[in-house]
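1. have a look at this prediction, sequence included:
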Amino acid sequence: MVTRSMSKLAAAAGGLALVALAGAGIASADGLSEQAINTTCNYGQVHAALQAQNAGYANLLDQHPDAQAFLQDYLASPPAARRAKAAQQAAAHPGQAAMFYPVINNVAATCNGF
């Protein structure tokens, strides 16, 4: 059961948090910032910022190719598509969204420095 929970958590991390991005206005009621939606950071910058801020979540990302693929796809998408992808993930994993959005938003606020 713990392994299954960790897998679900990691999938949500990939879909939500490991979009991995803060601070500005809220993109939607679920708490993802506009900065996370409109980031200009690339995957390497996001991963480095995540590693610096929360090594545990970065390690989860590293262990899940599906989460890495989601994040890379998210970052390659235009803002409107990012918003839709984030909403879809939040609807599928509402509990994880609330848990990961602060991490995502903090990474978004700092990833340009990496």
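-> Right, received. Where do you want to start? Quick caveat, the model's predicted, so the values are computed rather than measured.

2. quick one: list the elements packing against the strand or helix carrying Ala49.
-> Counting by DSSP states H and E, the secondary-structure element that holds Ala49 is helix 43-53. The contact analysis (3 or more CB pairs under 8 Å, 6 or more residues apart in numbering; DSSP states H and E) places helix 43-53 against helix 55-62, helix 65-76, helix 94-110. C-beta here means a position set from N, CA and C on the backbone, and glycine is covered the same way.

3. how far does it sit from the chain's center?
-> With CA atoms, centre = their mean, to the nearest Å as the basis, helix 43-53 stands 11 Å off its chain's centre.

4. so where's the chain shaky on pLDDT?
-> Low-confidence regions of the chain, defined by pLDDT under 70, span residues 1-30.

5. go again using 80 as the cut-off
-> Applying pLDDT under 80 to the predicted model, the residue ranges of the chain that meet it are 1-31, 97-98.

6. re the thing from before, most packed of the helices and strands packed on helix 43-53?
-> Counting by mean count of other CB atoms under 10 Å, helix 94-110 has the highest mean neighbour count of the helices and strands packed on helix 43-53, with a mean of 21.
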